[in-house]
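> what follows is a predicted structure for the sequence shown.
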Amino acid sequence: MKRAVTALLSCWILLAALVVAPVRAAVCARTTLVSVAHQDDDLLFINPALAGDYGAGACLRVVYLTAGDAGRTDDYVRSRENGVRAAYALMAGAPDTWKRSDAGGVRGFSLAHPPAGRGELQLLFLGLPDGFPRGGGSAAQGRQSLLKLFRGGIGRISTVDGTADYDEQALVATLRRLIERFRPDTIRTLDHQSTRLGFSLTEPVDHSDHAVTARYTVLAARRAMAATPGLRPVIVFYRGYGITALPANLTPDERARKSAIFAEYVRHVDCEPAACPPAPATLAAGDRDWVARQYRRELPSPAPGTIVSWMGATDAPNDDAATARCLDVRPGGAVRTQACDGTQAQGWHVRGATLRSDLNGRCLSAGRVPTMETCDGSGAQRWTLAQNGRIGTAAGCLHQDDLLARHARLRVAACDRGRPEQWWFNAVAEARPPAP
């Protein structure tokens, strides 16, 4: 009897444990967060990196900043969302069944039945208006755009369904919360150095929404990293429209797989799910070029003696292949960033705590704007080249405004490790004293 009671009690304990034990969320061994503007940017410009991440067991969190509405007010937006869900289901090898999974105040959906051994796959939609390639926005959405928000032309931007609006700080904070929540190992986004905006299948231009999305993603990531111990994602940037001018660089297998995934997206756009046509056998011009390519925007590698800004550009005198901007001494003692050209005006060396020009031997001096002055040992000429990329004096840090911003200039500003405008790549060396 005692043995029976003991067994019965054990069964009740086990049953109670099953009833009250909390359901644990799936644990992601690794996580990739993708931040793009429209519901095809990830499929055209970042994949096959995404398929590779997911195939290797990473969880995917894909954030779309805009609704990709193209100024339309019908079911076009919903059909594009259906399209990316179908594309990712095909990529995962899973049924196209999704469950609602909002995160950080952002509407989201997670793949309901990921394959065994695979991570979570979640798509998040902020729903901001499509800004159009040059940032003019649509009449249907009051001419709002991310570019206007970035440049200060508007103070707030509202979602296409009118359920939320953001100022710049709130938008960056939303992205930051998602980064802090998911703690990604890798962040994949678009080209943060695009400054030549527009649409073309032959010219190296890019969409305004792509350019601003990448910049806000970097800013959110840096703020999250500064506030969260141990959070150090690798940020990878991908070039957009202009890659059509570059050689196709994917293998036949990669191209075929990427094409099939994108075609699954295409067949859902502008149709009801139950009545969508088969996937197209041939993709449209542009799309078929993009699915054959994937190019990263690599960070600059400074030549010896140069100081290169994180803030690059793709318009003249730079171009889509050479975006780097070097600290440059101008006639009369002015200092600017200019397209790197290897001239002596962009050569620098360190002597003591001073930064000296190879062109004239003068010292970089901090004021409201940096200038070249006769070296006098003053505090305004004593610079620290920090390992985190900042170059600072007691007066502040060397700060190159984003070249997509209006009235961008080089200046000295309060040091802020979260500002990419204060990151520099340098290859300067301590000058040796002259031989006796």
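Thanks, I have it.

> and Ala140, how many neighbours?
Ala140: 15 surrounding residues under other CB atoms under 10 Å. Glycine gets a C-beta too; all of them are placed from N, C-alpha and C.

> end-to-end on stretch 416-428?
End-to-end span of stretch 416-428 (CA to CA, to the nearest Å): 23 Å.

> buried sites along that stretch?
Within stretch 416-428, the residues that qualify as buried are Asp416, Gly418, Arg419, Pro420, Glu421, Gln422, Trp423, Trp424, Phe425, Asn426, Val428, counting by 16 or more other CB atoms under 10 Å.

> centre of the chain to stretch 260-276, how far?
Centre-to-centre, stretch 260-276 and its host chain are 27 Å apart (CA atoms, centre = their mean, to the nearest Å).

> and it, what's its mean pLDDT?
Throughout stretch 260-276, pLDDT has a mean value of 93.

> swap in stretch 124-141?
Mean pLDDT, stretch 124-141: 98.

> then stretch 306-318?
The average pLDDT for stretch 306-318 rounds to 95.

> skipping adjacent residues, who's closest to Gly396 in space?
Leaving aside its chain neighbours, Gly396 sits nearest to Val412 (4.4 Å; criterion: CB to CB, 6 or more residues apart in numbering).

> double-check that neighbour against Ala366; I have them as touching.
Yes: contact criterion CB atoms under 8 Å: Val412 and Ala366 qualify, at 4.8 Å.

> the strands in the stretch 301-436 of the chain, which residues?
Under the criterion DSSP state E, counting those that start in this stretch, the stretch 301-436 of the chain contains strands at 307-309, 325-329, 335-339, 348-351, 354-357, 363-365, 371-373, 384-385, 391-393, 396-400, 410-413, 424-426.

> check which residues of the fourth one are buried.
Right, the one you point to is strand 348-351. Residues Trp348, His349 are the ones in strand 348-351 that count as buried (16+ other CB under 10 Å).

> in PDB, please show the C-alpha coordinates belonging to that strand.
Extracted in PDB, the C-alpha atoms of strand 348-351 (Å, rounded to 0.1, in the frame of the first residue of the first chain):
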ATOM      1  CA  TRP A 348      49.600  62.800 -42.100                       C
ATOM      2  CA  HIS A 349      52.000  61.900 -39.400                       C
ATOM      3  CA  VAL A 350      52.000  62.000 -35.600                       C
ATOM      4  CA  ARG A 351      54.600  63.900 -33.600                       C
END
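
> residues in contact with it?
Applying CB atoms under 8 Å, 6 or more residues apart in numbering, the contact partners of strand 348-351 are 305-307, 327, 355-358, 364, 385, 426, 428-431.

> ok, 10 Å please
With CB atoms under 10 Å, 6 or more residues apart in numbering as the test, strand 348-351 has contacts from 305-307, 326-327, 329, 355-359, 361, 363-364, 375, 383, 385, 426-433.

> ditto for the first one
Strand 307-309 is contacted from outside by 299-302, 324-328, 337, 340, 346-348, 355, 364, 385, 389, 391, 398-403, 410, 420-428, using CB under 10 Å, 6+ apart.

> let's see 8 Å
By CB under 8 Å, 6+ apart, the list of residues contacting strand 307-309 reads 300, 302, 324-327, 337, 340, 348, 355, 391, 400, 423-428.

> per-residue confidence for the residue nearest to Gly396?
At Val412, pLDDT is 96.

> and for the one 4 residues further on?
Listed pLDDT for Asp416 reads 91.

> contacts only, for it.
Shown in contact with Asp416 (CB under 8 Å, 6+ apart): Cys397, Gln422.

> re earlier: ok, the buried residues of stretch 416-428 vs Gln39, which is closest?
If you rank the buried residues of stretch 416-428 by distance to Gln39 using CB to CB, Pro420 comes first, at 26.5 Å.

> just give the number of residues close to the residue nearest to that closest one when sequence neighbours are not counted.
Nearest residue to Pro420, sequence neighbours excluded (CB to CB, 6+ apart): Trp310, at 5.0 Å. Per other CB under 10 Å, the neighbour tally for Trp310 reads 21.

> tabulate the strands of the stretch 301-436 of the chain in a markdown table, adding columns for distance to Cys28.
Output for the strands of the stretch 301-436 of the chain, formatted as a markdown table (distance: least, CB to CB, whole Å):
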| stretch | distance to Cys28 |
| --- | --- |
| strand 307-309 | 35 |
| strand 325-329 | 37 |
| strand 335-339 | 39 |
| strand 348-351 | 44 |
| strand 354-357 | 44 |
| strand 363-365 | 46 |
| strand 371-373 | 50 |
| strand 384-385 | 37 |
| strand 391-393 | 37 |
| strand 396-400 | 36 |
| strand 410-413 | 38 |
| strand 424-426 | 32 |
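
> identify whichever of these lies nearest to Asp53.
With distances scored as CB to CB, the stretch of these nearest to Asp53 is strand 424-426 (27.0 Å).

> run through who's touching the closest one.
So strand 424-426 is contacted by 299-302, 306-310, 327, 348, 385, 389-391, 398 (CB under 8 Å, 6+ apart).

> nearest to Asp130, of the residues you listed?
Trp310 (27.7 Å).

> got the contact list for the closest one?
Trp310 is in contact with Leu299, Gly389, Gln400, Pro420, Glu421, Trp423, Trp424, Phe425, counting by CB under 8 Å, 6+ apart.

> let's have the residues you listed in a markdown table, adding pLDDT.
Below are the contacts of Trp310 laid out as a markdown table (pLDDT from 0 to 100):
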| residue | pLDDT |
| --- | --- |
| Leu299 | 90 |
| Gly389 | 90 |
| Gln400 | 97 |
| Pro420 | 93 |
| Glu421 | 95 |
| Trp423 | 94 |
| Trp424 | 96 |
| Phe425 | 94 |
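
> of all those, which comes closest to Asn318?
Gln400 (13.4 Å).

> and the closest one, how far is that from Asp328?
11 Å (CB to CB, to the nearest Å).

> list the residues that are in contact with both of the two.
Here Gln400 and Asp328 have Thr337 as joint contacts, going by CB under 8 Å, 6+ apart.

> distance-wise, check Ala394 relative to Ala414.
For Ala394, the distance to Ala414 - CB to CB - is 12 Å.
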